[in-house]
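Visitor: Test case, fold it:
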Amino acid sequence: MKGTFPIEKFRELRTPFYYYDTQVLRDTLACIRTEAAKYDNYSVHYAVKANANPKVLSIIRESGLGADCVSGGEIRAAIKAGFPAGKMVFAGVGKADWEIELGLDYGIFCFNVESIPELEIINELAAAKGKVANVAFRINPNVGAHTHANITTGLAENKFGISMEDMDKVIDIALTLKNVRFIGLHFHIGSQILDMGDFVVLCNRVNELQDKLEARHIRIEHINVGGGLGIDYGHPNRQAIPDFKSYFETYDNCLKLRSYQTLHFELGRAVVGQCGSLISKVLYVKQGTNKQFAILDAGMTDLIRPALYQAFHKIENITSEAPVQAYDVVGPICESSDVFGKAIDLNGVKRGDLIALRSAGAYGEIMASGYNCRELPQGYTSDELV
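Guide: I've put the predicted structure just below:
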């Protein structure tokens with residue numbers, strides 16, 4: 001089953017471009033609010049790195065979510081979109097001084113700290129401003145997620161976080177510093193996770209660490225378990241909204257949250273992934289020796305996930321009902337990796353047909369580049385194309 005698109009409006013626009021179905025986005029946000037509201041102490045932040053399109057950010061902010069940022073630029077984008085600084089967390093393994101100072105100036109809720117040197121610099125910069133910065137420590141729980149190696153972040157071999165063995169040491173240091181306030185622990189084990197068992201393992205690890213800290217009479221106000229919930233790339237129409245019910249229930253059932261604690265989530269892909277598509281035009285149909293190629297005007301510069309992660313995106317010819325044929329769907333970039341899919345069944349393709357690469361709302365527009373001196377595509381919402 002194909003997606004539903006305003007084809008005539010699309011024909012008026014220069015391709016390639018990103019298209020965001022705001023009804024899907026709003027329905028997704030409504031589901032998140034409904035499911036999270038079942039639990040008194042759940043707080044959801046949107047991971048800005050998934051998509052920072054201003055129109056998309058504005059809709060997410062209207063829903064009441066906080067913001068999870070990993071750069072100074074994302075902090076600025078979130079502030080510009082109206083996210084309150086008091087609901088903003090700042091993560092990242094390499095925060096520059098100016099980015100830390102920006103967070104301090106805005107008075108963001110919390111810095112998710114990933115090393116002792118970072119903690120000391122935050123304390124130093126906060127002291128220079130006469131401020132006290134809230135900090136949570138990102139602990140690397142050495143939990144492997146069932147996902148692509150490049151988006152697994154919770155193993156000891158990854159660059160992220162502080163090892164469990166160093167947790168006590170880092171907390172002890174923080175308690176001696178005058179310009180940081182230790183308020184919580186932060187975890188994130190990876191992205192595009194569909195097996196709830198991975199989150200159960202994380203919960204068990206957090207429970208162990210909490211018990212260890214309580215034995216030292218250390219009270220943690222905030223637990224941040226990151227995000228990671230995946231989407232159904234194979235069937236974007238059948239499951240446009242991820243299973244937030246099971247996701248939140250898993251943490252409620254398995255994490256021993258104390259009554260005084262707030263549990264924070266940082267969802268990105270699960271919020272915006274299914275609302276977006278990359279719309280491209282067929283430039284040429286090329287007959288090869290053993291296959292045929294549908295050559296698009298969109299390339300890996302506009303959606304890098306297939307080249308970077310060998311990721312699958314459902315591809316549809318949205319302007320043809322001709323009999324189905326198999327094509328290698330490729331872009332115009334001078335790289336052999338500029339391939340969206342091989343042996344893809346599409347309704348018969350001809351020059352000028354419009355092709356939709358689905359589930360591109362996350363890590364599509366935000367990762368676009370100007371390689372080959374290409375212009376960055378525009379992003380449009382369904383609200384604009386009524």
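
Visitor: Low-confidence ranges, this structure, go.
Guide: Within the chain, the stretches with pLDDT under 70 are 144-160.

Visitor: Would you state the helices of the chain in chain order?
Guide: Remark: helices assigned in the chain by DSSP state H are 7-11, 22-36, 54-62, 72-80, 97-106, 116-128, 167-176, 196-215, 244-254, 269-272, 305-309.

Visitor: what does the top strand by length along the chain contact?
Guide: Counting by DSSP state E, the longest strand found in the chain is strand 276-287. With contact meaning Cβ atoms under 8 Å, 6 or more residues apart in numbering, strand 276-287 is reached by 3, 5, 10, 13, 15-21, 51, 292-298, 302-303, 327, 332, 349-362, 364-365, 377. Backbone N, C-alpha and C define where each C-beta goes, glycine included.

Visitor: Partner strands of that strand, with direction?
Guide: Neighbouring strands of strand 276-287 in its sheet, by DSSP bridges, are strand 17-20 (antiparallel), strand 292-296 (antiparallel), strand 354-357 (antiparallel).

Visitor: Any chance of TSV for these, columns distance to His264 and mean neighbour count?
Guide: Output for those, formatted as TSV (distance: least, Cβ to Cβ, whole Å; neighbours: other Cβ atoms under 10 Å):
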stretch	distance to His264	mean neighbour count
strand 17-20	26	24
strand 292-296	40	21
strand 354-357	32	24
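
Visitor: In the sheet, which residues pair with His186? Tell me.
Guide: Counting by DSSP bridges, the residues bridging with His186 are Arg138, Asn224.

Visitor: quick one: it and Asn140 touch, right?
Guide: No - in terms of Cβ atoms under 8 Å, His186 does not count as a neighbour of Asn140; the distance is 10.3 Å.

Visitor: so what sits against both of those two?
Guide: Counting by Cβ under 8 Å, 6+ apart, the residues touching both His186 and Asn140 are Gly161.

Visitor: picking that back up, just the angle for the longest strand of the chain relative to helix 22-36, thanks.
Guide: Between strand 276-287 and helix 22-36, the angle comes out at 130 degrees (axes from the mean of the first three to the mean of the last three Cα atoms, to 10 degrees).

Visitor: which stretches of the stretch 251-386 of the chain form strands?
Guide: 262-267, 276-287, 292-296, 315-317, 324-330, 339-347, 354-357, 378-381 (DSSP state E, counting those that start in this stretch).

Visitor: Give the other helices and strands that the fourth one contacts.
Guide: When you say that, I think you mean strand 315-317. strand 339-347, strand 354-357 (3 or more Cβ pairs under 8 Å, 6 or more residues apart in numbering; DSSP states H and E).

Visitor: The first one versus strand 292-296: what angle between them?
Guide: Same thing as strand 339-347. Using the same axes, to 10 degrees, the direction of strand 339-347 lies 110 degrees away from that of strand 292-296.

Visitor: May I have strand 339-347 exported as PDB, CA atoms only?
Guide: Taking Å, rounded to 0.1, in the frame of the first residue of the first chain, the C-alpha atoms of strand 339-347 are listed here in PDB:
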ATOM      1  CA  VAL A 339      22.500   3.700  -3.900                       C
ATOM      2  CA  PHE A 340      19.100   3.800  -2.100                       C
ATOM      3  CA  GLY A 341      18.200   0.200  -2.900                       C
ATOM      4  CA  LYS A 342      19.000  -2.800  -5.200                       C
ATOM      5  CA  ALA A 343      16.400  -4.900  -7.000                       C
ATOM      6  CA  ILE A 344      13.500  -2.800  -5.700                       C
ATOM      7  CA  ASP A 345      10.100  -3.600  -7.000                       C
ATOM      8  CA  LEU A 346       8.400  -0.400  -8.300                       C
ATOM      9  CA  ASN A 347       5.500   0.400 -10.500                       C
END
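
Visitor: Name the residues of it that are buried.
Guide: Neighbour-count burial for strand 339-347 flags Val339, Phe340, Gly341, Ile344, Leu346, Asn347 (criterion: 16 or more other Cβ atoms under 10 Å).

Visitor: what's the span of stretch 69-84 from first residue to last?
Guide: From its first residue to its last, stretch 69-84 covers 13 Å (Cα to Cα, to the nearest Å).

Visitor: My guess is Asn140 contacts Met167. True?
Guide: No - counting by Cβ under 8 Å, Asn140 stays clear of Met167, with 9.6 Å between them.

Visitor: between the two, who's got more neighbours?
Guide: Counting neighbours by other Cβ atoms under 10 Å for Asn140 and for Met167 shows that Asn140 has the greater number, 24 against 18.

Visitor: nearest residue to the more buried one other than its sequence neighbours?
Guide: Gly161 (3.3 Å; Cβ to Cβ, 6 or more residues apart in numbering).

Visitor: Tell me who's in contact with Gly234.
Guide: Gly234 makes contact with Phe312, Lys314, according to Cβ under 8 Å, 6+ apart.

Visitor: Next: Arg305.
Guide: Arg305 sits next to Ala311, His313, Tyr363, Gly364, Met367 when contact means Cβ under 8 Å, 6+ apart.

Visitor: make it 10 Å
Guide: Listed by Cβ atoms under 10 Å, 6 or more residues apart in numbering, the contact partners of Arg305 are 148, 151, 192, 233, 311-313, 340, 357, 359-360, 362-364, 367.

Visitor: shared neighbours of Asn140 and Met167, anything?
Guide: When Cβ under 10 Å, 6+ apart defines a contact, the residues bordering Asn140 and Met167 alike are Gly161.

Visitor: before we move on, back to that, please convert the strands of the stretch 251-386 of the chain to TSV, extending it with distance to Ala47.
Guide: TSV is the format used below for the strands of the stretch 251-386 of the chain (distance: least, Cβ to Cβ, whole Å):
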stretch	distance to Ala47
strand 262-267	5
strand 276-287	15
strand 292-296	28
strand 315-317	26
strand 324-330	29
strand 339-347	24
strand 354-357	21
strand 378-381	18
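
Visitor: out of those, which comes closest to Glu124?
Guide: strand 262-267 (26.0 Å; Cβ to Cβ).

Visitor: by contact count, what packs against that closest one?
Guide: helix 22-36, strand 42-47, strand 66-69, strand 110-113, strand 180-186, strand 222-224, helix 244-254 (3 or more Cβ pairs under 10 Å, 6 or more residues apart in numbering; DSSP states H and E).
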